[in-house]
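Participant: Sequence and predicted structure below; questions after.
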Amino acid sequence: MAERNMPAVPKKTAMHCLMIVESPHKADTINKFLGSNFTVKASKGHVRDLPQDELGVDEEHDFKPKYVPVPGAQERLRALKAAAKKSDIVYLATDPDREGEAISWHLMETLKDVDVPFKRLSFHEITKSAVTEALKNPRDLDANLIDAQQARRIIDRLVGYKLSPLLWNKIKSGLSAGRVQSVTLRFVAERAKEIAAFNEEDYYTLSALLSKSDSAPFGARLVKWNGKTVEQTKTLKLFAEEYKYKTSLFKRVEETVEAATLLRGSVIKVSKVEAKKVRQKPKPPFITSTLQQDAYSKLRFSSDRTMKIAQVLYEGIELGKGQHTGLITYMRTDSFEVSAEMRKETEQFIKETYGEDYCPAKPNIYKKKVKGAQEAHESIHPTSAFRRPEDLKKFLTDEQYKLYSLIWSRFVASQMSEAIFDQLTVEFSDENEKALLRTSGRTVKFPGYLKIYRDDKEKDEEADEEDEGKIALPPLKEGDIVALKDVDSKAHRTSAPPSYNNGSLIKIMEKHGIGRPSTYAAIIKNIIGRGYITEAKDGKYNITELGALVTEQLKDYFKDIMDIAYTASIEDKLDDVADGKINWVRLMHNFYDTFSANLSNAVKKMPSKRPGGQLTEEKCPLCGSQMVMRESRFGKYLSCSHFPKCKGKIALDREGNKKEYFSPIETSKVCDKCGKNKMLLRKSAKGYFLACSGFPKCRNISQVTSEEVDEILAAAAKNKK
């Protein structure tokens, strides 16, 4: 790699400074913070990369990369070079992660013939104080971080450029494969097989309605029968995790009769009363993966959409009266850290807003680090706790407001006191202790952080408690006799492991250290775009025939690439490069020796398999032959079984049903543009309209009233008869 030593800042005070950031929006925000002796310009992301039309990696000479300007970057680089020549120093202020470090290095390499010193700036929020503080502490580029990013880029290039042509040859042209993409796809493929293999079964539970004296009745569940637990939790070992599901001692409704009969004929008494206080700690501030998961579960934002909205909040929002500032810290991070200044400010906000009791005696510290991640050193949080969402709502779009509210409330809650509950559990039994019933509930004694932030699960529990609270438990003590008002059985069915959705797929990737938080959105978007998986209306990801076939072929011939532990170990080794523990070239040789051997074997032995499709009863509209169900990246469709001789095709909707087509109807109206062709009644997703029948020579269209549509349709129906 080229020399990365950066010249020292001149001793004299710089007369003019150039700061280079990645985003034009960020540049606009920072420009408002700095004086006239600063020019802030944007690189608009990467300026150099490996070439698009060739491998760009010399495998014979220690994987030396060939870097070229990215398409469209030449003009940007000329502008940056011109600005650098007019400056006394260049500050490289790209994003505070490995990729940002690499972009800064590429910028310096491209501009190095300009005789000025270069210095690196790192800040995690776009505020005046953060930028000013960073300018007091410039540093040199970190060669280890650059090496780690370069090694990742080269590994991914080798896998992509070597595997993709293999898939074109063995399965279908136009396919792609990637080191992280392929394992992510395997998660979905394996889950589809696990769901298909799961044997659903019915089971039953018993519940009783009890009362004491004249008190209102309350419910209890049968939890033990003849010393055996009624509701049982079973564990199923899956590909990437364990799945726990409930079943019961009673597999048929008839099996509940004996217990129900015994309860109806017995004296029911209180056998145990347990009251205790339960404390619940707040969750840590958001990191990239948890923000994406929460935004999906609470707002139904995809990971891609979440990151785009967060990017704008990070780069800066105009808040009126010339005030332009970033609202959140850098959104690509794996750290739960919070600066001492931010903790102090948030503590002040909590005390002023909610009172002293809502501040913990000692600050809440969250130290757990996500497996395999290696990004910035601050959690995602607002740049000021005093910028409440409701105060900023008029400056934000609806989706910006929703995401900012989520980030703000999660962070402020993370710095608050724990919630305290009074939990009561009461058990009942018959005189022979053959049946054990239990009821429990909890009430909030002190809300703590729940004052502003609740998980969906906590909201559900609160709703349940409110329902139970309408019929509160009477005072009960051991030995009390209660009356049985009713006993009832309820049917259930064991549930298969759930399909992955955007949030749960990111969660499993994070759990196993697959990829980086900043790449989750792009990976998922890519495997959907390639037609390997589809997303249903309810958000569930389903494997396609093509995706399953690609997964099986790669599993058979690239066991390392498709292995979770191996893929995660690459991330660990990249961490070691970033920490200066191992040389990146050595890592490349260790990886490539195994990969190239597997590739050579696959080229020779991997069988050619084409997505065949499923034969259906539908007839081809062109030749009358049977149609075949096929899948593309756009979803399912029907194709003639005699393709390519017959190109008959029927489009299907997302549910696999035939789309309804509206055949254009000729009207008596003549086109007022060309004056010779009749207008046709057509229908689009937005409704009916009139279009010239001379299309494409005449492209005239016009609106049509509902009364006119009714007349045209009635006339067409009459003519058809």
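Facilitator: On my side now, so go ahead.

Participant: was I right about Gly448 contacting Glu418?
Facilitator: Yes. Contact criterion C-beta atoms under 8 Å: Gly448 and Glu418 qualify, at 5.1 Å. Where C-beta positions appear, they are placed from N, C-alpha and C, glycine not excepted.

Participant: Overlap in contacts, those two.
Facilitator: Gln280, Pro282 (C-beta atoms under 8 Å, 6 or more residues apart in numbering).

Participant: Mind checking the pLDDT average for the strand or helix carrying Asn542?
Facilitator: Using DSSP states H and E, Asn542 maps to strand 541-543. Averaging pLDDT along strand 541-543 yields 93.

Participant: Going along the chain from that strand, find the next helix or strand for me.
Facilitator: Strand 541-543 is succeeded, C-terminally, by helix 545-557 (DSSP H and E).

Participant: Which strands or helices does the following helix or strand past that next one pack on?
Facilitator: Going down the chain from helix 545-557, the next helix or strand is helix 564-578, by DSSP H and E. Applying 3 or more C-beta pairs under 8 Å, 6 or more residues apart in numbering; DSSP states H and E, one finds that helix 564-578 makes contact with helix 143-170, helix 179-197, helix 502-512, helix 584-605.

Participant: Using TSV, please lay out those together with mean pLDDT, mean neighbour count and distance to Ala413.
Facilitator: Below are the helices and strands packed on helix 564-578 laid out as TSV (pLDDT from 0 to 100; neighbours: other C-beta atoms under 10 Å; distance: least, C-beta to C-beta, whole Å):
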stretch	mean pLDDT	mean neighbour count	distance to Ala413
helix 143-170	95	20	33
helix 179-197	95	21	31
helix 502-512	94	22	19
helix 584-605	95	15	41
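
Participant: now the ones you listed in TSV, with distance to Asp576?
Facilitator: Shown next, in TSV, are these (distance: least, C-beta to C-beta, whole Å):
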stretch	distance to Asp576
helix 143-170	8
helix 179-197	17
helix 502-512	18
helix 584-605	8
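
Participant: When Gly448 and Glu418 are compared, which one has more neighbours?
Facilitator: Neighbours per residue (other C-beta atoms under 10 Å) separate Gly448 from Glu418, with Gly448 holding more: 23 against 15.

Participant: The more buried one and Ser414, how far apart?
Facilitator: From Gly448 across to Ser414, the span is 11 Å (C-beta to C-beta, to the nearest Å).

Participant: Likewise for Val709?
Facilitator: Taking C-beta to C-beta, one finds Val709 at 57 Å from Ser414.

Participant: which one of these two has more residues nearby?
Facilitator: The residue with more neighbours, out of Val709 and Ser414, is Ser414; 22 against 17, by other C-beta under 10 Å.

Participant: Quick one: residues contacting the more buried one.
Facilitator: By C-beta under 8 Å, 6+ apart, Ser414 lies in contact with Pro282, Lys283, Pro284, Pro285, Asn364, Tyr366, Tyr449.

Participant: per-residue confidence for the first one?
Facilitator: The one in question is Pro282. Pro282 carries a pLDDT value of 95.

Participant: Give me the secondary structure label for it.
Facilitator: The three-state assignment at Pro282 reads coil, by DSSP: H, G, I helix; E, B strand; the rest coil.

Participant: what's the neighbour count on it?
Facilitator: For Pro282, the number of neighbouring residues by other C-beta under 10 Å comes to 23.

Participant: domain assignment for the protein?
Facilitator: Annotated domains of the chain cover 17-141, 151-197+543-605, 202-281+421-493, 288-414, 614-651, 665-720 [automatic domain parsing].

Participant: what's the span of the first one from first residue to last?
Facilitator: This means domain 17-141. 18 Å (C-alpha to C-alpha, to the nearest Å).

Participant: do the same with the fifth one
Facilitator: As for domain 614-651, its first-to-last residue distance stands at 15 Å under the measure C-alpha to C-alpha.

Participant: next one: that domain to chain centre, how far?
Facilitator: Chain-centre distance of domain 614-651: 34 Å, with C-alpha atoms, centre = their mean, to the nearest Å.

Participant: and if you look at stretch 17-35?
Facilitator: With C-alpha atoms, centre = their mean, you get 30 Å for stretch 17-35.

Participant: Cheers, nothing more for now.
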